[in-house]
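Participant: quick one: sequence and predicted model below, then my questions.
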Amino acid sequence: MEELREQHLLSDLLTIATLARSNFYYHRAQLWSKDKYADLKQHITTLYHQHKGRYGYRRITVALKQVGIHHNHKLIAKLMKQLKLSARIRRQKWRSYKGQQGKIASNHLKRRFKANRPFKRWLTDITEFKVGDNKLYLSPILDCYNNEIISYTLSKRPTYDLVSRMLSQALEKTKASRHKKLMLHSDQGWHYQMKPFKKTLKKHQIKQSMSRKGNCLDNALMEGFFGTLKCETIYIEKPGSIEALEKQINEYIHYYNHERIQLKLKGLSPVQYRTQSLI
């Protein structure tokens, strides 16, 4: 209609189109006006792809605030829906329970996944990845204080060495700042029932705690990390080989510890939160 106005009267065109003059000018203004959220949409898109689709609207809202862009989370959710941007979520779990191999420790943690200082409550478990017919196993230790991954090991086989090296690395890394009365919680996997494992814990005055049999909720924080790790790595970009997967996991854990913000950590990464608490 805008083009036809050069050759015909607007009143005639409105009559033919059975359109009110006010409606015509309203839609004309909408068509010509600039999208007031265009810049914000660009910032949202940049952050979303910078974090490889790992952030939903809540984390995008916090990340925007960190660069001085303040908007309500409901608006961010609305704009992300318009942009068809959403975080990807998926879960998988490998279980290492093979019956009782040694003495089962009591559940001393009792789902108390919060700690008032670092190196007070640690969680551990093993998860499995598959690339074709090949497998890779990850064994990390997570600190309940700030969800930081203290140490981790990777192996193509779930041997005891996978867990032994992980524990040694954690003890070496934290020996200068680790407090007494540390607790390490796991499931009842055979690795954690081994005498050498228990002996190492006792030597370093670490209290051992185990989930009840078949109750994954007793180690829910560790399960949550595995779910986040998988949905933010292999479900976004599937690796073509075990070597590529190993590189992907190494890069992600560094990103998770140092860059990935967490809402319950006041919008900081685990390492930022721990460092800030020591200032």
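Facilitator: Great, that's in hand.

Participant: next, residue 147: secondary structure please.
Facilitator: Here residue 147 is coil, with the state taken from DSSP: H, G, I helix; E, B strand; the rest coil.

Participant: helix or strand for the residue nearest the centre of the chain, which one?
Facilitator: Centroid-nearest residue in the chain: residue 228, 4.1 Å away (criterion: CA atoms, centre = their mean). Assigned by DSSP states H and E, residue 228 belongs to helix 220-231.

Participant: extract the CA atoms of that helix and return them as CSV.
Facilitator: C-alpha atoms of helix 220-231 as CSV (Å, rounded to 0.1, in the frame of the first residue of the first chain):
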residue,chain,number,x,y,z
ALA,A,220,23.3,-35.8,43.9
LEU,A,221,25.8,-32.9,43.6
MET,A,222,28.3,-35.1,41.9
GLU,A,223,25.6,-36.6,39.6
GLY,A,224,24.6,-33.1,38.7
PHE,A,225,28.2,-32.2,37.7
PHE,A,226,28.4,-35.3,35.4
GLY,A,227,25.1,-34.3,33.8
THR,A,228,26.2,-30.7,33.2
LEU,A,229,29.6,-31.9,31.9
LYS,A,230,28.0,-34.2,29.3
CYS,A,231,25.2,-31.9,28.1
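
Participant: quick check: mean pLDDT of it?
Facilitator: What helix 220-231 shows for mean pLDDT is 94.

Participant: what does stretch 198-215 give?
Facilitator: Mean predicted lDDT for stretch 198-215 stands at 93.

Participant: buried residues, the helix holding residue 228. List them.
Facilitator: 221, 222, 223, 225, 226, 227, 228, 229, 230, 231 (16 or more other CB atoms under 10 Å). Yep, even glycine has a C-beta here, placed from its N, CA and C like the rest.

Participant: give the closest residue to residue 140 in space, chain neighbours not counted.
Facilitator: residue 152 (3.7 Å; CB to CB, 6 or more residues apart in numbering).

Participant: which of the residues in the lengthiest strand in the chain are buried?
Facilitator: Of all the segments of type strand in the chain, defined by DSSP state E, the longest one is strand 134-143. Within strand 134-143, the residues scored as buried using 16+ other CB under 10 Å are 135, 136, 137, 138, 139, 140, 141, 142, 143.

Participant: low-confidence regions, the stretch 101-250 of the chain specifically.
Facilitator: Applying pLDDT under 70 to the stretch 101-250 of the chain flags the ranges 101-102, 179.

Participant: just name the closest of the buried residues of helix 220-231 to residue 70, please.
Facilitator: residue 228 (26.3 Å; CB to CB).

Participant: from residue 173, how far off is the closest one?
Facilitator: 22 Å (CB to CB, to the nearest Å).

Participant: likewise for residue 162?
Facilitator: For residue 162, the distance to residue 173 - CB to CB - is 17 Å.

Participant: just give me the closest of the buried residues of helix 220-231 to residue 214.
Facilitator: So of the buried residues of helix 220-231, ranked by how close each gets to residue 214 (CB to CB), first place is residue 223, at 13.2 Å.

Participant: next, the angle strand 134-143 makes with the longest helix anywhere in the chain.
Facilitator: In the chain, taking DSSP state H as the definition, the longest helix is helix 242-258. Interaxial angle, helix 242-258 versus strand 134-143 (axes from the mean of the first three to the mean of the last three CA atoms, to 10 degrees): 10 degrees.

Participant: okay, angle between helix 242-258 and helix 220-231 too, please.
Facilitator: Going by the same axes, to 10 degrees, helix 242-258 makes 130 degrees with helix 220-231.

Participant: following helix 242-258, which helix or strand shows up next?
Facilitator: Next along from helix 242-258, by DSSP H and E: helix 270-277.

Participant: which residues touch that following helix?
Facilitator: Among residues not part of helix 270-277, those counted as contacts by CB atoms under 8 Å, 6 or more residues apart in numbering are 118, 143, 145-149, 256-258, 262, 265-266, 268.
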